[in-house]
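A.B. asks: pasted the sequence and its predicted model underneath.
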Amino acid sequence: MACASEVLCMDKFSVYAARLVEKGEYFASGHRACQGCAEALAVRLVMKALGRDTIVAMATGCMEIISSPLPTTAWEVPWIHVAFENASAVITGCESGMKAMMRKGKLPPKKINFVAMGGDGATADIGMGQLSGALERGHDFIYVCLDNEAYMNTGIQRSSATPWGASTTTSPAGKRSKGQQTQKKDLPKIAIAHNIPYVATACPSFPFDLMEKVKKAAAIEGPAYLHILSVCPTGWRIPSEEAIKYGRLAVNTCVFPLYECEYGKYRMTYKPDPILPVREYIQGQGRFRHLTDEDIEVIQKRTTEEYEKLLKLCEMD
């Protein structure tokens, strides 16, 4: 929920957009997510933007576990739980099968949103091959990566989307270790390299930006990839009530820029003004508490360089 000052600062577009938000809830309350889980909020916003005519295939992970404890479900649309690596393969099979039945007259023609969802582990690691194949084949579907930057469901193990320096149970910080030793894999750029129609980054701390991108992804014919930063209070070691705050800090420090690439053309959808120092994002997160001032400067330098590269790509278009 926005604070009073944020509501007063909403521009006319945001007020207008708020009035157009779907009132229905297709990811219902009562699930078992941790308090303050921004990933659950991200799923809720995605589903509000897509509406009822949607089929979801979801990889094993936090959202699958918290939303489907037998005999209950939080899903108000057709939903399929699949193995860690299979979300892309299963949903593109659904898309091909449903469209074949429509062509044969066995189902009435209808616009259906075919959506695969997976965490950063299911996307960047275990399901990378299946995702690449689905994008390359040109299926009309949306892939949503819910990125909380580790395998949170099974105990906060590192993934290839874990940022450099973060301490996890399999990349612990210690006397000879800074934590995660590799840089975060740039999944949106990998998706863009497949020459698909639409790729975008989003964060539930910026809900209208997120929902606009989901709607655009649904309207475009062909594959679309959405990468959503989903703050995890449990794994990031922050207070549960500060998930939205840290999502905003990730964007306003340029650690996680908000942009889209439509038919190969880049566009920033939000430019922080002023850009905050990376230190403001890192401080307070338990997973980074071991980092020295020198370490933070290393992260700041890389963050600035990567953001400037992205701005140049946007200016070229």
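C.D. replies: All right, it came through fine. Numbering: from 1, shown residues only.
A.B. asks: buried ones in the helix or strand containing residue 268?
C.D. replies: Applying DSSP states H and E as the criterion places residue 268 in strand 265-270. Buried residues in strand 265-270, counted by 16 or more other CB atoms under 10 Å: 266, 268-269. C-betas here are computed from N, CA, C, even on glycine.
A.B. asks: next one: stretch 54-74
C.D. replies: So for stretch 54-74, counting by 16+ other CB under 10 Å, buried means 54-64, 66-68, 74.
A.B. asks: can you check stretch 156-170 too?
C.D. replies: Neighbour counts over stretch 156-170 (16+ other CB under 10 Å) mark 156-168 as buried.
A.B. asks: sorry, back to before: ok, the strand holding residue 268: who's next to it in the sheet?
C.D. replies: In the sheet, strand 265-270 lines up against strand 258-262 (antiparallel) (DSSP bridges).
A.B. asks: and the strand it pairs with, which residues are buried?
C.D. replies: Buried residues in strand 258-262, counted by 16+ other CB under 10 Å: 258-262.
A.B. asks: can you list the residues that contact that strand?
C.D. replies: Here strand 258-262 makes contact (CB atoms under 8 Å, 6 or more residues apart in numbering) with 188, 192, 197-203, 206, 209, 213, 216, 220, 251, 266-270, 310, 314.
A.B. asks: looking at those, which are in strands?
C.D. replies: If you go by DSSP state E, those have 198-202, 266-270 in strands.
A.B. asks: could you dump these to JSON lines with distance to residue 109 and pLDDT?
C.D. replies: Shown next, in JSON lines, are the ones in strands among the contacts of strand 258-262 (distance: CB to CB, whole Å; pLDDT from 0 to 100):
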{"residue": "198", "distance to residue 109": "23", "pLDDT": "98"}
{"residue": "199", "distance to residue 109": "28", "pLDDT": "98"}
{"residue": "200", "distance to residue 109": "28", "pLDDT": "98"}
{"residue": "201", "distance to residue 109": "33", "pLDDT": "98"}
{"residue": "202", "distance to residue 109": "30", "pLDDT": "98"}
{"residue": "266", "distance to residue 109": "34", "pLDDT": "98"}
{"residue": "267", "distance to residue 109": "32", "pLDDT": "97"}
{"residue": "268", "distance to residue 109": "37", "pLDDT": "98"}
{"residue": "269", "distance to residue 109": "33", "pLDDT": "97"}
{"residue": "270", "distance to residue 109": "37", "pLDDT": "97"}
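A.B. asks: work out which residue lies at the spatial centre of this structure.
C.D. replies: Geometric centre of the chain, nearest residue: residue 228, 1.6 Å, by CA atoms, centre = their mean.
A.B. asks: that residue is in contact with residue 210, isn't it?
C.D. replies: Yes: counting by CB atoms under 8 Å, residue 210 is a contact partner of residue 228 at 6.9 Å.
A.B. asks: could you pull out the strands for the stretch 101-250 of the chain?
C.D. replies: Ranges of strands in the stretch 101-250 of the chain, per DSSP state E, counting those that start in this stretch, are 113-119, 142-147, 173-174, 177-178, 198-202, 224-229.
A.B. asks: who are the packing partners of the last one?
C.D. replies: Same thing as strand 224-229. helix 38-50, strand 142-147, helix 187-192, strand 198-202, helix 207-219, helix 243-252 (3 or more CB pairs under 8 Å, 6 or more residues apart in numbering; DSSP states H and E).
A.B. asks: any weak-confidence spans in the protein?
C.D. replies: 1-20, 317 (pLDDT under 70).
A.B. asks: grab the longest helix from it for me.
C.D. replies: helix 293-316 (DSSP state H).
A.B. asks: closest to residue 41 among the buried residues of stretch 54-74?
C.D. replies: Using CB to CB, residue 63 comes nearest to residue 41 of those, at 11.1 Å.
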